[in-house]
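In: Fold the following for me, if possible:
(one chain, ligands or ions: 1)
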Amino acid sequence: MPAAPTRTTVGIVGAGPAGLMLSHLLARADIDSVVVDNRTRAEIEATSRAGILEADNVRLLTGTGVSDRVLRDGVPHAGISLRFGGRSHRIDFEALVGEGVWLYPQTEVFVDLADARARDGADVRYGVSETQVVDLTGELPGILFTDADGRAREVRCDILVGADGSRGVCRSAVPEAARTHYFREYPYAWFGVLVEAPPSADELVYTHSERGFALISRRTDTVQRMYFQCDPGEDPADWPDERIWAELQARVSGTDGFALKEGPVVDRSVLPFRSFVCEPMRYGAMLLAGDAAHTVPPTGAKGLNLALADVRVLAEVVERAVTKRDLGLLDEYGPRALSRVWRTQHFSYWMTTMLHRAPGDTPFDVRRRIGELEGVVAPGAGSVRLAEGYTGTTAG
Ligand code: PHB
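Out: Next comes the predicted model:
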């Protein structure tokens, strides 16, 4: 016998940062929610994702009472280096737009949110399976699933939110005729590594070289995160440590003698790489947020930041719709969120195509790209544009 349905105001599929932050913000407005996720908490914590938080999102974590751990364990970064032609050029965000970013990996954001939701007694069900969303255009949409103990469960809600990532069930539950997909594939991917080594630079280094893109990021004093552009079909098993280091060193080498500090590679994987938007972001009583609605390529680390921006708008719109008992007000969400989504899509696309080599590039393309990079590192509007996009200060 299935258990009696749980009744809540907002049913949320996906307990990643977007789903949990939404549940947290709603609770602050006295709106109850239930969150379900197919993954266990340990599985979500094991996902390796980008590490850059815009200052607005740091304020969201600290100012709404999630946690202020980011202020202790996160590292403020006042700028980045763009490296090309064998030299580094610093982009000083603080000087250009008065604000930097924070290095604080997505996993830590998740841990803070999961702890805060547990502390506040939220109903979050991890490790469920066979999740389905039903009756999306009816009075009482629902989430059906099997709980971690194998029992069939049902949550009924007024509003349903799909925050279940790019391969989740929510977006695919929208009939194809009711959604439009906009996407761009790139002829490359990222090879990501975690290495046990000291940091090679204080700030992130985004490198464009004849061999392609490389990014030198950081995690801790002893573990670093690095990426290099590769073929999407690359097999990590073909890349022993020596080959990875030779490739990374070749891409960052230059006349200034910059070299990476090496150590054992403890994790290696090829990361998917595409730009994608699904419109509209509403179907009936279901709203999509974060990766369920859009994906950006990782250059610029906008994925999490954009998901949190969605959720800020969503919490506000849901609160108004619930208080005024008017679900028609949910229509405000998509257009407001999409304005930022498309500006951020453009920024991620721009940074990506400016820094990567594409197969089939003509000598003209190669020279033009260097011209573009020189325009961005020169004092003036180019560097301001990069700083604004990277820090998120004007994207909505
Ligand atoms: C990361 O540290 O994982 C990272 C940082 C910046 C990016 C992408 C990934 O643009």
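In: Give me the phi and psi angles of the nearest residue to residue 169 once chain neighbours are set aside.
Out: Nearest non-adjacent residue to residue 169, counting by C-beta to C-beta, 6 or more residues apart in numbering: residue 131, 5.6 Å away. Placement of C-beta: from N, CA and C, glycine included. Main-chain dihedrals, residue 131, degrees, to the nearest 10: phi -70, psi 130.
In: what about residue 131, neighbour count?
Out: Residues contacting residue 131 under the criterion other C-beta atoms under 10 Å number 20.
In: Would you state the strands of the stretch 201-350 of the chain in chain order?
Out: 205-209, 212-216, 223-230, 265-271, 274-279, 282-283, 286-288, 294-295 (DSSP state E, counting those that start in this stretch).
In: Oh, that last question was meant for the stretch 51-200 of the chain, not what I typed.
Out: For the stretch 51-200 of the chain, applying DSSP E, counting those that start in this stretch gives strands covering 52-54, 75-77, 79-84, 87-92, 101-103, 123-125, 129-134, 142-146, 152-156, 159-162, 180-185, 189-196.
In: Among those strands, which comes closest to the ligand?
Out: The closest of these to the ligand is strand 52-54. By C-beta to the nearest ligand atom, the value is 4.9 Å.
In: Pull out the buried residues from stretch 24-34.
Out: Across stretch 24-34, burial judged by 16 or more other C-beta atoms under 10 Å covers 24, 25, 26, 27, 31, 33, 34.
In: Mind picking the one among the residues you listed that's closest to the ligand?
Out: Nearest to the ligand out of those is residue 24 (C-beta to the nearest ligand atom; 23.9 Å).
In: Could you find the closest non-adjacent residue to residue 280?
Out: Once flanking residues are discounted, residue 280 sits nearest to residue 334: 4.8 Å by C-beta to C-beta, 6+ apart.
In: Which ones among the buried residues of stretch 24-34 lie within strands?
Out: The strands, defined by DSSP state E, take in 33, 34 from the buried residues of stretch 24-34.
In: Max pairwise distance over the buried residues of stretch 24-34: which two?
Out: Maximum pairwise distance in the buried residues of stretch 24-34, criterion C-beta to C-beta, is 15.1 Å, between 25 and 34.
In: so who does whichever residue of the stretch 151-300 of the chain sits closest to the ligand touch?
Out: Going by C-beta to the nearest ligand atom, the ligand is nearest to residue 217 of the stretch 151-300 of the chain, at 3.3 Å. By C-beta atoms under 8 Å, 6 or more residues apart in numbering, the contact set of residue 217 is 51, 103, 204, 224, 225, 226, 227.
In: possible to save those as JSON lines with pLDDT, distance to the ligand and neighbour count?
Out: Shown next, in JSON lines, are these (pLDDT from 0 to 100; distance: C-beta to the nearest ligand atom, whole Å; neighbours: other C-beta atoms under 10 Å):
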{"residue": "51", "pLDDT": "87", "distance to the ligand": "3", "neighbour count": "24"}
{"residue": "103", "pLDDT": "96", "distance to the ligand": "7", "neighbour count": "23"}
{"residue": "204", "pLDDT": "98", "distance to the ligand": "6", "neighbour count": "21"}
{"residue": "224", "pLDDT": "97", "distance to the ligand": "9", "neighbour count": "22"}
{"residue": "225", "pLDDT": "96", "distance to the ligand": "5", "neighbour count": "21"}
{"residue": "226", "pLDDT": "98", "distance to the ligand": "9", "neighbour count": "25"}
{"residue": "227", "pLDDT": "98", "distance to the ligand": "7", "neighbour count": "21"}
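In: And the furthest pair within those?
Out: Greatest spatial distance among those (C-beta to C-beta): 103 and 227, at 14.7 Å.
In: re earlier: closest one to residue 322 among the strands of the stretch 51-200 of the chain?
Out: Closest to residue 322 of these, according to C-beta to C-beta: strand 159-162, at 7.5 Å.
In: which parts of stretch 324-332 are buried?
Out: Within stretch 324-332, the residues that count as buried by 16+ other C-beta under 10 Å are 327, 329, 330.
In: Residues contacting that stretch, please?
Out: With C-beta under 8 Å, 6+ apart as the criterion, stretch 324-332 contacts 158, 159, 282, 285, 287, 317, 318, 320, 321.
In: so which of those comes closest to residue 46?
Out: Distance to residue 46 across these (C-beta to C-beta) is lowest for residue 287, with 28.0 Å.
In: Okay, helices next: where are they in the protein?
Out: All helices of the chain, identified by DSSP state H, fall at 17-28, 41-45, 55-63, 69-73, 93-97, 106-119, 169-172, 241-252, 303-323, 333-355, 363-377, 381-391.
In: got a list of contacts for stretch 61-70?
Out: Under C-beta under 8 Å, 6+ apart, the answer for stretch 61-70 is 21, 24-25, 28, 53, 58, 60, 71, 102, 104, 108-109, 112-113, 115-116.
In: which sections of the chain are below the confidence cut-off?
Out: 1-2, 395-396 (pLDDT under 70).
In: Pull the contacting residues for the residue positioned nearest the centre of it.
Out: Geometric centre of the chain, nearest residue: residue 303, 2.2 Å, by C-alpha atoms, centre = their mean. Residues near residue 303 by C-beta under 8 Å, 6+ apart: 49, 50, 290, 291, 295, 296.
In: for residue 209, same thing?
Out: So residue 209 contacts 83, 84, 250, 251, 252 (C-beta under 8 Å, 6+ apart).
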